[in-house]
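Q: For reference, the sequence and a predicted model appear below.
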Number of protein chains: 6
Amino acid sequence: MPIVRVEMWPGRTQAQKRELARAITEVVCNVAHTTPEATIVVFQEIAKEDWAQAGRLASEEE
Amino acid sequence: MPIVRVEMWPGRTQAQKRELARAITEVVCNVAHTTPEATIVVFQEIAKEDWAQAGRLASEEE
Amino acid sequence: MPIVRVEMWPGRTQAQKRELARAITEVVCNVAHTTPEATIVVFQEIAKEDWAQAGRLASEEE
Amino acid sequence: MPIVRVEMWPGRTQAQKRELARAITEVVCNVAHTTPEATIVVFQEIAKEDWAQAGRLASEEE
Amino acid sequence: MPIVRVEMWPGRTQAQKRELARAITEVVCNVAHTTPEATIVVFQEIAKEDWAQAGRLASEEE
Amino acid sequence: MPIVRVEMWPGRTQAQKRELARAITEVVCNVAHTTPEATIVVFQEIAKEDWAQAGRLASEEE
């Protein structure tokens, strides 16, 4: 604990995920007073055809 | 807000997802009195080998 | 299957949840060709102080 | 109800998922006094590059 | 990793949760070849008025 | 998109949640190249009696 889950569109590189994991963990530890070892970050990619806002798929917005 | 998440087996077409997103958003806006722009729908496909009911994988039920 | 999860702010009545469950199930069955018995709808209320957009808590937006 | 969701790294075989589904359903029914038919188990694989602990991706730990 | 999430209706005692956590962890370790320390179990209670099957709230089924 | 979900034990103040939302949104925008308006952060508190590691409830560890 804590567990942080980041849902985002595909396309981020390994380097971006590495930096997101590092920086989010730092923020969570500093603000919520927990330890890095107790902090888990999970990324879940959601394809644009699986994501809709205002009733329209993001894959059809462009 | 709201966020609606639909977990289902693979196999639905883009057209079905488009219609699900449209119709679910319409229902949520009408009943919960929110706006389309504030309503997000996310689809997540779960393979039949990753889904079990009564202790048996759906992929082995057929 | 399918499982539909609706996250929204508190304040909807039992009657609204009943109608959401009924209408979402109808949409899912009609479009995704499944049965009502196989369709589960779960509501999860998120307090405004637990929800942020653009980096600001919804509880402090008003 | 209940719904059990198991997030784990890829690499488990179909046989392991089958046994996990069977045994978890048995435990849940015995302890929580529910029926197998009402118990759903869902597996979600998380790639090591999508999982971080202590701010480091699991894919870069080895 | 793994993370196991159990959604169920309210009413289970602390003793039942303790036994569920113990037994699920044992199953996961035995079958998926992981360690107890790496295995997290989270319980989430869903009220019957927040749960619907076949388009009807569980709170109105009785 | 993105949606960030933070599960943690109860006890964080409104001020801590405000700062977490602000700082996580900043990190996500900087690293993943998205906009603050498109970034949602949701907090979910998990009681210690609903959280287990190594098969033991966190509420019974102290």
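A: Yep, that arrived.
Q: From one end of stretch A:38-50 to the other, what's the distance?
A: 31 Å (C-alpha to C-alpha, to the nearest Å).
Q: My error: substitute stretch A:46-57 in the last question.
A: Distances were taken as C-alpha to C-alpha; on that basis the terminal residues of stretch A:46-57 are 12 Å apart.
Q: How far does it sit from its chain's centre?
A: The offset between the C-alpha centroid of stretch A:46-57 and the centroid of the whole chain comes to 17 Å, using C-alpha atoms, centre = their mean, to the nearest Å.
Q: ok, that stretch near chain C or not?
A: No. Stretch A:46-57 lies apart from chain C when judged by C-beta under 8 Å from any C-beta of the partner chain; the minimum separation is 11.8 Å. In short, each C-beta sits where N, CA and C put it, glycine included.
Q: residues in contact with that stretch?
A: For stretch A:46-57, the surrounding residues in contact (C-beta atoms under 8 Å, 6 or more residues apart in numbering or on different chains) are A:7-10, A:58-59, B:14, B:17-18, B:21-22, B:24-26, B:36-37, B:39-45, F:1.
Q: Excluding residues flanking it in the chain, which one is nearest residue A:5?
A: Closest residue to residue A:5 apart from its sequence neighbours, by C-beta to C-beta, 6 or more residues apart in numbering or on different chains: residue F:5 at 4.3 Å.
Q: about what we covered before: in strands only, show me the contacts of stretch A:46-57.
A: Of the positions in the contacts of stretch A:46-57, A:7-8, B:40-45 sit in strands, assigned by DSSP state E.
Q: What segments of chain A are helices?
A: Taking DSSP state H as the criterion, chain A carries its helices at A:14-32.
Q: isn't residue A:5 right up against residue A:44?
A: Yes. Counting by C-beta atoms under 8 Å, residue A:5 does reach residue A:44; the two are 6.5 Å apart.
Q: Can you name the residues of chain A that neighbour chain D?
A: Within chain A, the positions lying close to chain D (C-beta under 8 Å from any C-beta) are A:14, A:17-18, A:21-22, A:24-26, A:36-37, A:39-45.
Q: show me what contacts the residue nearest to residue A:5?
A: Counting by C-beta under 8 Å, 6+ apart, residue F:5 makes contact with A:4-7, F:41-42, F:44.
Q: on that earlier part again, with pLDDT added, can I get the ones in strands among the contacts of stretch A:46-57 in TSV?
A: Written out in TSV, the entries for the ones in strands among the contacts of stretch A:46-57 read as follows (pLDDT from 0 to 100):
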residue	pLDDT
A:7	98
A:8	97
B:40	98
B:41	98
B:42	98
B:43	98
B:44	97
B:45	97
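Q: Between those, identify the one with the most neighbours.
A: residue B:41 (27 neighbours; other C-beta atoms under 10 Å in any protein chain shown).
Q: can you tell me how far that residue sits from residue D:40?
A: Distance of residue B:41 to residue D:40, given as C-beta to C-beta, to the nearest Å: 21 Å.
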